[in-house]
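S.K.: Whatever this is, show me its structure:
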Amino acid sequence: MSNQAVSRPTRVAQEVRRTIAQLIVQEVKDPRFQNISITDCKISKDLSVAKIHFALMGFNENDPEVADALAALEKAQGFFRSEIGKRLRLRIVPHIRFYYDNIPEHAQHMEDLINKALNT
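M.R.: Sure, this is the predicted structure:
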């Protein structure tokens, strides 16, 4: 697939996801970011809103650590936006919204069920 076949919002979403993941690993010192993994980024066609999905390894959506991680991400939103603006040189820097992604959690549960069925 050539670069031209991929839409601009898709390319920007990939770069925003990569940038935020990099910032979490390299720049942010808050311990609540320790187990966060950025799983996906979807961006509106006009590039004004980025929906960032994250997972928290070892926790499920009802654990208080997930709410703490979401609060930390939302608190760092301004920092993320300014860094995205600098690094990606976007004319319009998207507003960032964070969402907990429970797909890894469900995938692990399904894998456990399959293994249990195979072993019985």
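
S.K.: got any ranges where the chain has weak pLDDT?
M.R.: 1-4, 104-110, 120 (pLDDT under 70).

S.K.: Could you pull up the residues touching the most centrally placed residue in it?
M.R.: Note on the chain: the residue nearest the mean C-alpha position is Ile38, at 3.0 Å, using Cα atoms, centre = their mean. Residues in contact with Ile38 (Cβ atoms under 8 Å, 6 or more residues apart in numbering) are Arg17, Ile20, Ala21, Ile24, Ile52, His53, Phe54. Every C-beta, even on glycine, is put in place using the N, C-alpha and C of the backbone.

S.K.: So which of those are in strands?
M.R.: The strands, defined by DSSP state E, take in Ile52, His53, Phe54 from these.

S.K.: Now that we have those, can you turn them into TSV and tack on distance to Asn62?
M.R.: Formatted as TSV, the ones in strands among the contacts of Ile38 follow (distance: Cβ to Cβ, whole Å):
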residue	distance to Asn62
Ile52	21
His53	17
Phe54	16
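
S.K.: Format the residues you listed as TSV; extra columns: distance to Ile92 and neighbour count.
M.R.: Shown next, in TSV, are these (distance: Cβ to Cβ, whole Å; neighbours: other Cβ atoms under 10 Å):
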residue	distance to Ile92	neighbour count
Ile52	17	24
His53	21	18
Phe54	23	23
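
S.K.: Nearest to Tyr99 among these?
M.R.: His53 (5.1 Å; Cβ to Cβ).
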